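Trainee: mind looking at a prediction? Sequence and model below.
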Amino acid sequence: MDIKFVAPTAGLPAKAAVARIVFEGDAYEGPLARAVAASRFTGAKGQTLDIPAPEGLAGERLVLLGAGKRDAFNTLGAEHAAASAYNTVKATGLETLRVELSGSAELSAYAALGVRLASYRFDKYRTKEAADKKPSVVRAEITAVDTDAALAAFVPLAALADGISFTRDLVSEPPNILFPVEFAARVKALETLGLEVEILGEPEMIKLGMGSLLAVGQGSIRESHLAVIKWYGAANKSDQPIAFVGKGVCFDTGGISIKPADGMEDMKWDMGGAGAVAGLMHALAGRKAKVNAIGILGLVENMPDGNAYRPGDVLTSMSGQTIEVINTDAEGRLVLADALWYCQDRFKPKFMVDLATLTGAIIIALGNDYAGCFSNNDELSANLLAASAAENEGLWRMPLPAAYEKQIESMIADMKNTGGRPGGSITAALFLQRYVNGVPWAHLDIASTAWKKPSSVPTSPDGATGYGVRLLNRMVQDKYES
Ligand code: BES
Ligand code: MN
Ligand code: ZN
């Protein structure tokens, strides 16, 4: 998608649609007034009215984009309206989308972001799609009074969009293509952005004593990896870093505690946490964020096999704590246990935020528009929730009650890896808390938000959402950059 900013008076190419942002209470004249009167269009937020361009107007079609109350219009409104314009015009056969809005350069930049995110498509494995089924829009022109200022405001947003697209690609890839080795290779390739990437293989992890993470990958013929991504963007490279840790289960069959066949294909996106951390690091490097940040990805495949780990096994984690395996399908916490411990042990970060498609229970608790936030630190938690509100990525704080610890007590080891059905997301988080060594930490259970079908926002096509990249990028920008 080619996106540019143009002056409001710029001439329009052939095969173009004009999308105009309008508000509740706006008045219309002539044929446009007739078209509006003959519809339910009121200018309310999210409404669109798509008509052949009335006599005297440039372009082939006109799309009115309802943006609600004029006074309440903001960057999110511009972004969503422009995304809806794209979603409408992509099916018309027209090739250029002109989005008309008046206002600040920032509003124009966010409109461009809306088109960028809405036009994301994962179509590399389609070989036979008919031309008239493909999105027709190849070019977007966003009007801006000061096009240079709009472009300058768009630069960091384009870096954010690149990060989100990177995450969406990783999450969308099938598990026969994106297994731990391939995931690690794609992350290693991010070095061209100025990131430093280390890939640890099984021999290195054996030396480190990562018996918990390694057990999960033991039934797979694919080697497990730990990716360590470093961005030293702060003025002082020795400033204490912030850290992000992702669950990267490239496919989760459940292992010996195998999952039912129905819907198992969804478990290709069980690496969504690692995908979000990789996308965040991409965005931070892309916009040269003034912060030192570490991303750690635990990359494994959970398979049933003659060599697979079993229910009943006792594992020794890098921390020295032992774990009795009750269910091999509660594997994400085993991966994170070693990844979190390694992270705090090596980098002594200011805080750690982990992202993981950890439990089905979080979907039952919160539905698909909120991820769960579990934290041992009120300040970190407040910063995450503020960023969530600013970026429209739903997040809800959940409790970490000490009284539930007894659900993960084991008869023979330091803990069990499952706490039963009651409060399943909470006992999973309590398990993780035992591996953060008192460091300020938050766990985002994104099983509810990493993948949506159907999508609930115009900026996210069905499927991989890239959830978390935006929220964390915003938190870093607002609270942790020097
Ligand atoms: N990857 C799953 C969680 C999941 C479920 C993510 C549905 C997305 C959609 C995780 O590894 C898992 O299997 N969790 C179990 C835990 C249980 C065995 C304690 C679950 O949620 O059922
Ligand atoms: Mn599982
Ligand atoms: Zn899993």
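Mentor: Received, thanks. Numbers count the residues shown, from 1 in each chain. Ligands and ions are numbered 1, 2, ... in the order given.

Trainee: CA only for contacts and neighbour counts going forward, please
Mentor: Fine.

Trainee: interface residues of this protein facing ligand 1?
Mentor: Residues of the chain found near ligand 1 (Cα under 6 Å from any ligand atom) are 270, 327, 329-332, 357-361, 418, 447.

Trainee: please pick the buried ones from those.
Mentor: Neighbour counting with 16 or more other Cα atoms under 10 Å marks 270, 327, 329-332, 357-359, 361, 418, 447 as buried within the residues of the chain next to ligand 1.

Trainee: show me the residues of the chain next to ligand 1 that map onto helices.
Mentor: Counted as lying in helices by DSSP state H, out of the residues of the chain next to ligand 1, are 332, 361.

Trainee: where do the strands of the stretch 201-350 of the chain begin and end?
Mentor: Here the stretch 201-350 of the chain has its strands, by DSSP state E, counting those that start in this stretch, at 225-232, 242-252, 292-302, 314-316, 322-324.

Trainee: next, the residue in the stretch 151-300 of the chain positioned nearest to ligand 2: phi, psi?
Mentor: Residue nearest to ligand 2 within the stretch 151-300 of the chain (Cα to the ion): G254, separated by 4.8 Å. Main-chain torsions, G254, degrees, to the nearest 10: phi 100, psi -20.

Trainee: how about it: what's its closest non-neighbour residue?
Mentor: Once flanking residues are discounted, G254 sits nearest to D329: 4.0 Å by Cα to Cα, 6 or more residues apart in numbering.

Trainee: and if you look at L76?
Mentor: Nearest non-adjacent residue to L76, counting by Cα to Cα, 6+ apart: Y110, 7.2 Å away.

Trainee: before we move on, the earlier item: keep only the residues of the chain next to ligand 1 that also lie close to ligand 2.
Mentor: Applying Cα under 5 Å from the ion to the residues of the chain next to ligand 1, one finds that 329-330 fall near ligand 2.

Trainee: so how far is A428 from the residue nearest to G254?
Mentor: Per Cα to Cα, to the nearest Å, D329 is found 12 Å from A428.

Trainee: go on, I258?
Mentor: 19 Å.

Trainee: of those two, which one has the most company?
Mentor: Neighbour totals were compared for I258 and A428, and A428 leads with 24 against 16 (other Cα atoms under 10 Å).

Trainee: sorry, back to before: can you put the buried ones among the residues of the chain next to ligand 1 in CSV and add pLDDT?
Mentor: Formatted as CSV, those follow (pLDDT from 0 to 100):
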residue, pLDDT
D270, 98
N327, 98
D329, 98
A330, 98
E331, 98
G332, 99
T357, 99
L358, 98
T359, 98
A361, 98
T418, 98
A447, 98
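
Trainee: which one among those residues gets closest to A33?
Mentor: For those, the residue nearest A33 by Cα to Cα is A447; the value is 46.2 Å.

Trainee: helix or strand for L113, which one?
Mentor: Take DSSP states H and E as the rule and L113 turns out to sit in helix 105-118.

Trainee: for whatever residue of the stretch 301-450 of the chain ends up closest to ligand 2, give me its contacts.
Mentor: Closest contact between the stretch 301-450 of the chain and ligand 2, by Cα to the ion, is at D329 (3.5 Å). Contact analysis of D329 by Cα atoms under 8 Å, 6 or more residues apart in numbering lists 252-259.

Trainee: would you mind writing the PyMOL command to select the buried ones in those?
Mentor: Buried residues within the contacts of D329, by 16+ other Cα under 10 Å, are selected in PyMOL with:
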select buried, resi 252+253+254+255+256+257+258
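
Trainee: helices - which of the contacts of D329 land there?
Mentor: With helices defined by DSSP H, no entry of the contacts of D329 lies inside them.

Trainee: including distance to P31 and pLDDT, could the contacts of D329 go into JSON lines?
Mentor: Below are those laid out as JSON lines (distance: Cα to Cα, whole Å; pLDDT from 0 to 100):
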{"residue": "D252", "distance to P31": "57", "pLDDT": "98"}
{"residue": "T253", "distance to P31": "59", "pLDDT": "98"}
{"residue": "G254", "distance to P31": "60", "pLDDT": "98"}
{"residue": "G255", "distance to P31": "64", "pLDDT": "98"}
{"residue": "I256", "distance to P31": "67", "pLDDT": "98"}
{"residue": "S257", "distance to P31": "65", "pLDDT": "98"}
{"residue": "I258", "distance to P31": "62", "pLDDT": "98"}
{"residue": "K259", "distance to P31": "59", "pLDDT": "98"}
